[in-house]
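S.K.: generate coordinates for the sequence data below:
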Amino acid sequence: MSISRPRYGNTFEYDRVMNVFFYTSNVEKLLQARLLFMRHGYDLKHFKGDREPYDEDYALGTKALLMRAIQQVNREFGVRSIFFVEDTSLRIDVLSAEKSFPGLAVKEWFSKTTFSELDADLKGKGNDRHATVHSDIALYLPTLSEPLFFHGESAGHIADEPPNFEPSIQYPWLTPHTFNGWFWPEGAKRRLGEMEFEESLAFDFRAKSLSSMLSRLEELNAALNLRPNFYTVRRPAYGAGQLSLIPQAAKTILLVVGDKCAGKSTFSDHMTGYEDVRVYEASNVLRLIAEQKGVIPGTADEALLFLETFGWDVVASKIAQYIETSDALWDIVTGLRTPEELLLLKRRFPESHIVLIDADARIRFERHIKRARDQEIRSFQSFAEQDAKQRQFGVMRVATEIADFVINNEASISSYKSKIDALLGGITSTTSRDQRPRPFSEIHRCLSALRLLASPATCEQISDATAELGGRVRVYNTNRALKELPEFANRIQHTQSLLQYGLTERGRALVELLDILKGFPRHLVDSLELPFS
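M.R.: Modelled structure (predicted):
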């Protein structure tokens, strides 16, 4: 199962989804697991405690230790839920005999061992630096007599020199301060701790065990959603009574847009620090819809043709179904590319907010090179050409016009994360307090004038019509605004002296979206003064 790119399958179609808890006191483990769950459409819940919720008796061995942990959690905390526990172990070959060393005690061993001490020990034994890291998970389901076990491991060697790199702020398990900073997996170009997140997935021992468990959970959730004719219900003679009704907390829906490498994925990945989050990545929903129709768009041109054929809002329509059945407190939609998608979602969910992530093209290009996702785009010119192609979808032509909130992401990752927290912490109080209407922009007035005229018109005619719509737009400005919107205003050059524009069907959708948004203020997150928690 691919974990570098989300593949939701039927996850968001399900009426019933298992609540899964992770019992751990290790925040880094929790964030890593929650991120992988979220990338497959599932919410991971957490048992909050100040200590590991079970005793670790390493003499038992891995499987017995995990089974004992399951029993102890159930006994001490009265748990009646689906949950899992995870333990990591390490085998350094030259220091091991029949039993692995340091084995399950890797945490304690690492805390009191320096790199120089280990290096000297290895060199004193022939400098065999081979090591293997194991991750083992036990998943408890109340209806099974024994837990389900999942295993992941990564073989490699201990680096020749101590780590000398900065820890990842976004992905804190990728760091020089754990064994990940000393460990160089087989086939890798660098240590596990210094890898980029998506690069690390193929080499990360815990990502492997979590991925294996997620595959099984997908099967279990599919079985949970079988229609009644597929199974027989054996009911007790007398019911146990009705469940009490629990009121739902208010839901927040964010529609996150931005250019390639602006920070949309980082925004959604940052949400792993929040409870009750669902993330819908539009490109992956598009792929799911396309697979069902037997058409797989491989390029931007093919995606444009697919949307033109099946509907510019087909992705948003599917996501709207997911949101309507979601019980999450936060529904985050990333990567929407057409105004028609935003129009559908704003009609369906008027309380939703459009968030623009903005960044300079050169900075985004540097991020693209660092991530090394698309090897075909290696020059800034080709990167800019891809930006231009993406603008044909429409949203990025008018992103600053339609955004309720704008986050500038050109500084450090810490600064960006702070801005995200500021937005999330103050979004409700801001929108309820500040009801100043958004300015009636030149683009909005020009497109509205074309709709009013109901036929192709010259810039002079359009300028005259704007006088009735909140203020005249100068003739020159009319031409300047509309020529930048070829998908929405059709440019008709009859002669050198006769130029007209006509409103397209896509243009009508954009005007409707702008009409909806006109009553809402637009905020630059840097300038907000909010009562953040």
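S.K.: who are the contact partners of the most centrally placed residue in the chain?
M.R.: Centrality entry for the chain: nearest residue to the mean C-alpha point is residue 268, 3.6 Å, by C-alpha atoms, centre = their mean. Residues in contact with residue 268 (C-beta atoms under 8 Å, 6 or more residues apart in numbering) are 38, 256, 279, 281, 332, 334. To be clear about C-beta, it is placed using only N, CA and C from the backbone, and glycine gets the same treatment.
S.K.: can I get the residues you listed in CSV including neighbour count?
M.R.: As requested, the contacts of residue 268 are arranged in CSV below (neighbours: other C-beta atoms under 10 Å):
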residue, neighbour count
38, 20
256, 27
279, 26
281, 23
332, 24
334, 24
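S.K.: what average pLDDT does stretch 252-260 get?
M.R.: Here the mean pLDDT over stretch 252-260 is 96, rounded to a whole number.
S.K.: please point out which parts of it sit buried.
M.R.: 252-260 (16 or more other C-beta atoms under 10 Å).
S.K.: now swap in stretch 507-521 and tell me
M.R.: Residues 507-514, 517, 520-521 are the ones in stretch 507-521 that count as buried (16+ other C-beta under 10 Å).
S.K.: dump the helix or strand hosting the residue nearest to the centre of the chain to CSV, restricted to CA.
M.R.: If you go by DSSP states H and E, residue 268 is part of helix 264-270. Below are the C-alpha coordinates for helix 264-270, written out as CSV (Å, rounded to 0.1, in the frame of the first residue of the first chain):
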residue,chain,number,x,y,z
LYS,A,264,-0.8,23.1,1.2
SER,A,265,0.4,19.6,2.2
THR,A,266,2.3,21.1,5.1
PHE,A,267,-0.9,22.8,6.3
SER,A,268,-2.8,19.5,6.3
ASP,A,269,0.1,17.6,7.8
HIS,A,270,0.3,20.2,10.6
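S.K.: what are the pairing partners of the helix or strand that comes right after that helix, and which direction each?
M.R.: As assigned by DSSP H and E, the chain's next helix or strand after helix 264-270 is strand 277-281. Taking DSSP bridges as the criterion, strand 277-281 pairs within the sheet with strand 330-334 (parallel).
S.K.: now find how far off-centre the partner strand is within its chain.
M.R.: The gap between where strand 330-334 is centred and where its chain is centred comes out at 8 Å by C-alpha atoms, centre = their mean, to the nearest Å.
S.K.: enumerate the positions of whatever helix or strand comes next after that strand that are buried.
M.R.: Using DSSP H and E, the helix or strand that follows strand 330-334 towards the C-terminus is helix 339-348. In terms of neighbour count (16+ other C-beta under 10 Å), helix 339-348 has its buried residues at 339-346, 348.
S.K.: tell me the spacing between the residue lying closest to the residue nearest to the centre of the chain once chain neighbours are set aside and residue 37.
M.R.: Ranked by C-beta to C-beta, 6 or more residues apart in numbering and with sequence neighbours excluded, the top spatial neighbour of residue 268 is residue 279, at 4.4 Å. For residue 279, the distance to residue 37 equals 10 Å [C-beta to C-beta, to the nearest Å].
S.K.: before we move on, the earlier item: surely the residue nearest to residue 268 touches residue 35?
M.R.: No: the pair formed by residue 279 and residue 35 falls short of the contact definition of C-beta atoms under 8 Å, at 9.9 Å.
S.K.: tell me the buried residues in stretch 175-183?
M.R.: For stretch 175-183, a neighbour-count test (16+ other C-beta under 10 Å) marks 175-176, 178-183 as buried.
S.K.: over to stretch 480-493?
M.R.: Those buried within stretch 480-493 under the rule 16+ other C-beta under 10 Å are 481-482, 485, 487-490.
S.K.: same deal with stretch 13-29?
M.R.: Judged by neighbour count (16+ other C-beta under 10 Å), stretch 13-29 contains these buried residues: 14, 17, 20-24, 28-29.
S.K.: how long is that stretch end to end?
M.R.: 28 Å (C-alpha to C-alpha, to the nearest Å).
S.K.: for that stretch, what is the distance to the chain centroid?
M.R.: What separates the centre of stretch 13-29 from the centre of its chain is 16 Å, taken as C-alpha atoms, centre = their mean.
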